[in-house]
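Enquirer: A predicted structure for the sequence below; I have some questions about it.
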Amino acid sequence: MRKKLFLFLLFLLVLVCATPSFAKGTQLNYRLKWLFNASVAGDIYADAKGYFSDVGLDVTVKEGSPEKNAINELELGYADFGVASADQVIRALDKGAKIFVIAQLFQVNPMQWIYRTDQPEIKTLQDLKGRNIGITFGGNDETIMNTLFAKGGITKKDVTITGVRFDFTPFFMRKVDVWPVYRNSQGVILKSKLAREGEDVYFFNPADFGVNFVANSVVTSEEMLKNNPDLVEKFLNALLKGWEAAMDPENGEIVLEAVKKLDKSTNDVIRKKQLNATRDLIKPSVSIRIGTIDISAWKQTEVIMLKEKQIKKPVNIETHLIQVK
Amino acid sequence: MLFRRIYQFLIVYIIGISFLLMIKMGLSLSDYVIPGVPLILETAGQVFKEYFFDVMNTMSVAVLGQCLSIILAFTVGISGRKSSWVGSFIKVTAYNIQAYPIVALAPIIFILLGDGFIPRLLIASMICYFPLLLSVLGIMATPVADIEHFYIVTGRMRWQLEVKIRAFENLSKLTTVISGSATLAMAGTIVAEFIAANAGIGYSIRIALYQSDLAKILVALFMIGIIISIYQGILETMGEQIKTRWSISKGGEVL
């Protein structure tokens, strides 16, 4: 009996000792902000092409959703890296979270507004007057639109505000004129649907009117940055390599194939258009290196949130932006 | 009854908050993930009034929805109590339909009816209707043989009397079911508001969730809990009073 027990314990010991030799590499969890689609092509591509495993990392790329919050997961230890929007980052810092931004994925915020071309084009902020504008109450589009109103001297009496969700029916039925969309995902779908009905659209981009509200960025915890700087560098280099390759038009077909494996609900034509739209937002010009942190845009985002009373005190966001080389 | 409901809720709420605070301390989490007591109190001060009216708004829809579902459940339940083919058909249909998750229909309702009062009312009614119907059907379809036998053999049995006998004999059960359905109606309304409405506490919770503001959510949960406890307490007290009055009017003892 004792002999059997000894053998069993020995077997367990061998199993435990042997496990690390079978492990592919350092295990990491990376929580995205949104569902798998072409807007996260770089994240998917880095994983699919083995860029993470090439540097000894075993990264699990996890899909995001409106309810999932990468910053919460960083603190709770469920994720090592994540994607969060600038407003999430600044709010978290305001409440004492110890996080750092290590790369800014979107150089142009995909949060824009769509409207039909049978309406006058919005060339100045004054052109917003008299329109029925959709806003996701509580979302960052509300903050952005309020900033635009303040900048244009527009009061709530000058426009009609309608609270919106994921259901586009009020826009299709023309109850709402100007509808908030993510330019590279919902924007593409809506544009295609309206095109089938013989309608064309414009996109209203707040950045064109001087409001640069930063969108998705890669974040990690202070602990990770302090204790494992090499790991952070390895992860980020592999990730940005994935993004650079994914945004290269020459790799378009392979990237679309990789995205398709995870996003089966979108058709090929839409997926391709989404990838093209994402390219313009991630790498608006050849000279911009993917991941570049636009410090002035971050500062402006903080100022906007402070003015809109989204945060109580300045968080000195520039001290939480780390441009990893 | 009323106070018991309130302090029961307070105990549960305090245990819940303490549990969260223990996690916060144990894992050294920031206020962003789990807010501390000072932040919860500060947030409560800021949103108390707004959330109170939001909960009252939700509550009004829930109460109306519950009343509708009670009327409907009793109408269908009384019609379906017989062992005729109509009764059997109603029972089978009710059992089958209640197995379908009503919340799954919510997006369709919102697409067809848009944001507003009617979709919230409809979802609240639908969510509390089926559990109520099943209970009412069960009660109304079960004869109280000892009492009913007398009226049947003396030829004085009418359907109204049959319903009264069965309702009175199961009054505690009915009160509990109706009181319990208040929670369902409230939950249904909150879910509806969370999905697509533009008013009510569910809508406010969704906005707080967008901003990852757990302090606001905890304040909202407190308001919901307190107000629904009061409502349920009132329903139970009313049930007791009705039972007492019925007993007196029938020459029975005061309960």
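Expert: Perfect, thanks for sending it.

Enquirer: residue A:277 contacts residue A:183, doesn't it?
Expert: Yes - when contacts are counted by CB atoms under 8 Å, residue A:277 is listed as touching residue A:183 (6.0 Å). Where C-beta positions appear, they are placed from N, C-alpha and C, glycine not excepted.

Enquirer: any residues in contact with both of those two?
Expert: Common neighbours of residue A:277 and residue A:183 (criterion: CB atoms under 8 Å, 6 or more residues apart in numbering or on different chains): residue A:110.

Enquirer: of the two, who's got more company?
Expert: More neighbours surround residue A:183 than the other of residue A:277 and residue A:183, with 24 against 21 (other CB atoms under 10 Å in any protein chain shown).

Enquirer: residues in chain B within reach of chain A, list them.
Expert: B:27, B:29-33, B:35, B:39, B:107, B:110-111, B:114-115, B:195-196, B:198, B:203, B:206-212 (CB under 8 Å from any CB of the partner chain).

Enquirer: narrow those residues to those in helices?
Expert: B:27, B:39, B:107, B:110-111, B:195, B:203, B:206-210 (DSSP state H).

Enquirer: just the buried ones from those?
Expert: Among these, the ones that count as buried by 16 or more other CB atoms under 10 Å in any protein chain shown are B:39, B:110, B:195, B:203, B:206-210.

Enquirer: ok, of these, which one's closest to residue A:199?
Expert: Closest to residue A:199 out of these is residue B:110 (23.9 Å), distances taken as CB to CB.

Enquirer: isn't the closest one right next to residue B:118, touching?
Expert: No - in this structure, residue B:110 is not within contact of residue B:118 by CB under 8 Å, at 10.3 Å.

Enquirer: what do these two both touch?
Expert: If you check residue B:110 and residue B:118 against CB under 8 Å, 6+ apart, no residue is contacted by both.

Enquirer: and for the residue in the stretch 51-200 of chain B that chain A sits nearest to, the neighbour number?
Expert: Nearest to chain A, among the residues of the stretch 51-200 of chain B, is residue B:198, at 4.7 Å (CB to the nearest CB). Residue B:198: 15 surrounding residues under other CB under 10 Å.

Enquirer: so it touches residue B:117, yeah?
Expert: No - when contacts are counted by CB under 8 Å, residue B:198 is not listed as touching residue B:117 (10.1 Å).

Enquirer: what does the host helix or strand of residue B:152 contact?
Expert: If you go by DSSP states H and E, residue B:152 is part of helix B:145-153. The contact list for helix B:145-153 (CB under 8 Å, 6+ apart) reads B:157, B:161-162, B:165, B:169.

Enquirer: just the buried ones from those?
Expert: Using 16+ other CB under 10 Å, the buried members of the contacts of helix B:145-153 are B:162, B:165, B:169.

Enquirer: can you tell me how far the last one is from residue B:176?
Expert: Going from residue B:169 to residue B:176 by CB to CB, to the nearest Å gives 14 Å.

Enquirer: the residue most central in space within chain A bridge partners, please.
Expert: By CA atoms, centre = their mean, chain A has its centre lying nearest to residue A:216, at 3.4 Å. Counting by DSSP bridges, residue A:216 is bridged to residue A:85.

Enquirer: residue contacts, it?
Expert: So residue A:216 contacts A:33, A:83-85, A:104-106 (CB under 8 Å, 6+ apart).

Enquirer: try it again with 6 Å
Expert: A:33, A:83, A:85, A:105-106 (CB atoms under 6 Å, 6 or more residues apart in numbering or on different chains).

Enquirer: list the contacts of stretch B:8-24.
Expert: Against stretch B:8-24 from outside (CB under 6 Å, 6+ apart): B:34, B:225, B:229.

Enquirer: same thing but 8 Å
Expert: B:29, B:33-34, B:36-37, B:40, B:218, B:221-222, B:225-226, B:229.

Enquirer: same question for stretch B:86-97.
Expert: Residues contacting stretch B:86-97 (CB under 8 Å, 6+ apart): B:76, B:79-81, B:130, B:133-134, B:137, B:141.

Enquirer: buried residues of that stretch, list them for me.
Expert: Result for stretch B:86-97 [16+ other CB under 10 Å]: buried residues B:87, B:90-91, B:94.

Enquirer: a markdown table for the residues you listed, including secondary structure and distance to residue A:69?
Expert: Listed next are the buried residues of stretch B:86-97 as a markdown table, based on DSSP: H, G, I helix; E, B strand; the rest coil; distance: CB to CB, whole Å:
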| residue | secondary structure | distance to residue A:69 |
| --- | --- | --- |
| B:87 | helix | 51 |
| B:90 | helix | 46 |
| B:91 | helix | 46 |
| B:94 | helix | 41 |
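
Enquirer: got a list of what the closest residue to chain A within the stretch 151-255 of chain B touches?
Expert: Among all residues of the stretch 151-255 of chain B, residue B:207 sits closest to chain A, at 3.2 Å; criterion: CB to the nearest CB. By CB under 8 Å, 6+ apart, residue B:207 lies in contact with A:137-138.

Enquirer: so the closest residue to chain B within the stretch 201-325 of chain A, which state does it fall into?
Expert: Proximity of the stretch 201-325 of chain A to chain B (CB to the nearest CB) peaks at residue A:310, 7.6 Å away. With DSSP: H, G, I helix; E, B strand; the rest coil as the basis, residue A:310 sits in coil.

Enquirer: contacting residues around residue B:199?
Expert: Residue B:199 neighbours (CB under 8 Å, 6+ apart): B:54, B:57, B:193.

Enquirer: ok so residue A:165 is a strand residue?
Expert: No - using three-state DSSP, the assignment for residue A:165 is coil, not a strand.

Enquirer: I'd guessed it sits against residue A:136; true?
Expert: Yes - counting by CB under 8 Å, residue A:165 does reach residue A:136; the two are 7.2 Å apart.

Enquirer: ok, for residue A:32, nearest residue in space, not its chain neighbours?
Expert: residue A:64 (4.1 Å; CB to CB, 6 or more residues apart in numbering or on different chains).

Enquirer: against residue A:240, how distant is that neighbour?
Expert: Residue A:64 is 19 Å from residue A:240, by CB to CB.

Enquirer: with residue B:85 instead?
Expert: 71 Å.

Enquirer: and the two? Which one has more around it.
Expert: residue A:240 (22 against 8).

Enquirer: circling back: hmm, the residue of the stretch 201-325 of chain A closest to chain B is touching residue A:91, no?
Expert: Yes - contact criterion CB under 8 Å: residue A:310 and residue A:91 qualify, at 6.6 Å.

Enquirer: for chain A, give me the ranges with low pLDDT.
Expert: Across chain A, the ranges flagged by pLDDT under 70 are A:1-24, A:325.

Enquirer: what secondary structure does the residue of it found nearest chain B sit in?
Expert: Closest residue of chain A to chain B, CB to the nearest CB: residue A:138 (3.2 Å). Of the three states, residue A:138 takes coil under three-state DSSP.

Enquirer: what number of residues lie near it?
Expert: 19.

Enquirer: excluding covalently adjacent residues, which one is nearest to residue 40?
Expert: Went with chain A since none was named. Nearest one to residue A:40, counting by CB to CB, 6+ apart, is residue A:32 at 5.4 Å.

Enquirer: ah, no, chain B please
Expert: residue B:215 (5.1 Å).

Enquirer: backbone torsions only: list them for that neighbour.
Expert: Here is the backbone geometry of residue B:215 (degrees, to the nearest 10): phi -60, psi -40.

Enquirer: hmm, stretch A:187-199 in reach of chain B?
Expert: No - figure legend: stretch A:187-199 not in contact with chain B (CB under 8 Å from any CB); closest approach 14.9 Å.

Enquirer: next, the contact list for residue A:140, please.
Expert: Counting by CB under 8 Å, 6+ apart, residue A:140 has contacts A:85-87, A:111, A:213.

Enquirer: save these as JSON lines, and put in neighbour count too.
Expert: Output for these, formatted as JSON lines (neighbours: other CB atoms under 10 Å in any protein chain shown):
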{"residue": "A:85", "neighbour count": "23"}
{"residue": "A:86", "neighbour count": "26"}
{"residue": "A:87", "neighbour count": "25"}
{"residue": "A:111", "neighbour count": "24"}
{"residue": "A:213", "neighbour count": "23"}
